[in-house]
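Asker: Provide a 3D model corresponding to the input given below.
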Amino acid sequence: MNPVNEPKSASGQQSPFRILHTEWSTGWGGQEQRILLECQKMEERGHRMLIACQPGSGILGRARACGLRTEEVVIRGSFDPRAILALRRIIRREQIQVVNTHSGKDSWAGGFAAKLAGADLLVRSRHIALPISNNPLNFVYRMTNGIITTGEAVRDMMIRRNGMDPGKILSIPTGVSLGRFDPSRVDGSRIRTEFGIAPGAIVVSMVAVFRAMKRHDLLLQAAVRLVREFPWIRFLLVGEGSGRAGIEQVIRSSGLVDNCILTGHRDDVPDLLAASDIVVLTSDLEGVPQSLSQAMAMARPVVAAAVGGIPELVINQRTGLIAEAGNADSFAQQIARLAADPVLRSSLGNAAREHILASYTDDIMARRTEEFYWRLLERKRLRAAA
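Answerer: Residues are numbered from 1 along each chain as shown. Modelled structure (predicted):
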């Protein structure tokens with residue numbers, strides 16, 4: 001198993017890869033959605049994909065429903081000998097060439113398994129913008145042949161703070177599926193009817209897991225100010241999470257019960273976005289968030305703070321509006337600008353969609369990933385020959 005020495009097929013074209021993605025998480029969020037979308041697009045390009053994940057995990061059933069091949073592997077911790085051996089068996093049996101790991105625990109188990117099995121490439125995908133420890137024992141990133149981040153800000157931090165080799169790190173933002181997120185296909189009327197939203201009401205949506213870092217509290221503080229000026233404004237909070245009970249309590253205590261709708265987890269996000277006039281993300285910490293890129297693909301104007309990789313997506317007053325991080329008044333002011341100006345909403349929304357079409361589609365993501373794997377193989381070949 002050594003594609004480093006056979007980078008071309010008999011026809012002279014690049015041969016397809018056999019790729020294993022590992023995921024320890026049992027939940028279902030942006031990271032898992034990225035894995036699923038990437039595997040689907042890479043299969044369309046001719047590659048053979050396999051996902052190793054936890055039994056009962058959020059990604060398992062969805063991957064199978066999409067026709068993707070899966071393996072159930074219990075990963076109990078960062079150093080789990082049984083998981084390492086199970087993954088090594090899979091890599092050898094399937095003649096896996098590229099192992100791409102995603103979460104902390106599976107990156108250790110998958111990383112050791114890839115090395116023991118002799119896979120040609122070990123790649124780590126980094127989805128979040130949290131700092132990485134420089135502890136010498138945290139060598140999992142240095143085991144890799146390459147690292148994929150979801151934004152330039154994350155890549156820059158790893159180079160500056162952690163001293164990572166710039167040549168092995170590439171930012172590949174999560175692409176948007178244009179087949180799903182197409183404003184010409186849905187009009188949002190079904191959603192407005194479902195939730196009893198009047199035709200003329202301004203709908204402000206936030207699609208995010210209910211977790212402290214997403215700062216739903218800021219949106220609710222902004223909502224209190226906005227309701228005074230726009231009594232018919234409605235806020236759609238799309239998602240689930242451990243913080244839901246606290247959010248419900250704030251809504252009640254702030255007198256926002258008539259203005260806020262908690263939809264729970266939804267799979268019809270394009271419809272929800274089509275029903276929205278404005279999409280907001282109040283997070284203090286992000287990579288390049290899919291909730292924003294998806295909203296932009298739906299030609300919706302967005303408001304967010306300039307944190308993490310968001311400035312790559314939201315160019316202030318060109319593809320959206322930037323609010324000050326952690327400042328509810330700033331978010332309220334920017335949302336109010338859009339609520340009062342339908343022409344501005346339309347112009348920013350159209351520019352946002354063009355920005356996504358140019359740089360953030362699922363096809364672009366898959367093509368850049370494929371090219372990165374080939375570049376890493378060539379880099380490995382040249383180093384071996386030196």
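Asker: Tell me the buried residues in the longest helix along the chain?
Answerer: In the chain, taking DSSP state H as the definition, the longest helix is helix 362-385. Buried residues in helix 362-385, defined by neighbour count with 16 or more other Cβ atoms under 10 Å: 362, 364-370, 372-373, 376-377, 379. Heads up, the C-betas are built off the backbone N, CA and C, glycines and all.
Asker: Nearest to Pro173, out of the residues you listed: which one, please.
Answerer: Using Cβ to Cβ, Met365 is the member of these that lies nearest Pro173, at 7.0 Å.
Asker: Could you measure from the residue nearest to that closest one when sequence neighbours are not counted over to Arg155?
Answerer: Nearest residue to Met365 in three dimensions, chain neighbours excluded: Gly175, at 3.3 Å (Cβ to Cβ, 6 or more residues apart in numbering). In this view, Gly175 and Arg155 are 17 Å apart by Cβ to Cβ, to the nearest Å.
Asker: When these two are compared, which one has more neighbours?
Answerer: For Gly175 versus Arg155, the count of surrounding residues by other Cβ atoms under 10 Å is larger for Gly175: 25 against 21.
Asker: what about the helices in the protein?
Answerer: For the chain, the helices defined by DSSP H cover 30-44, 58-65, 81-93, 104-117, 152-162, 189-194, 216-229, 244-253, 269-274, 290-297, 310-313, 328-339, 342-359, 362-385.
Asker: pretty sure Glu112 contacts Ile84?
Answerer: Actually, residue 112 is Phe. It isn't Glu. Yes: counting by Cβ atoms under 8 Å, Phe112 does reach Ile84; the two are 4.9 Å apart.
Asker: re the thing from before, quick one, the longest helix of the chain and helix 342-359 angle?
Answerer: Computed with axes from the mean of the first three to the mean of the last three Cα atoms, to 10 degrees, the direction of helix 362-385 lies at 40 degrees from that of helix 342-359.
Asker: helices or strands up against helix 362-385?
Answerer: With contacts taken as 3 or more Cβ pairs under 8 Å, 6 or more residues apart in numbering; DSSP states H and E, helix 362-385 sits against helix 30-44, strand 121-126, strand 146-149.
Asker: what's the closest of these to Val314?
Answerer: Among the helices and strands packed on helix 362-385, helix 30-44 comes nearest to Val314, with 16.5 Å by Cβ to Cβ.
Asker: Not counting that closest one itself, show me its contacts.
Answerer: If you take Cβ atoms under 8 Å, 6 or more residues apart in numbering as the criterion, helix 30-44 is touched by 17, 19, 21, 23, 25, 49, 51, 57-59, 62-63, 66, 68, 102-103, 125, 127-128, 150, 174-175, 177, 289-291, 362-363, 365-366, 369-370.
Asker: cutoff 6 Å now
Answerer: 21, 23, 49, 58-59, 63, 68, 127, 174, 290, 362, 366 (Cβ atoms under 6 Å, 6 or more residues apart in numbering).
Asker: so which of the residues you listed comes closest to Ile75?
Answerer: Nearest to Ile75 among these is Glu23, at 9.0 Å by Cβ to Cβ.
Asker: any idea how far the closest one lies from Asp187?
Answerer: According to Cβ to Cβ, Glu23 stands 35 Å off from Asp187.
Asker: Can you pick out the residue with more neighbours from the two?
Answerer: Neighbour count, other Cβ under 10 Å: between Glu23 and Asp187, Glu23 has more, with 29 against 12.
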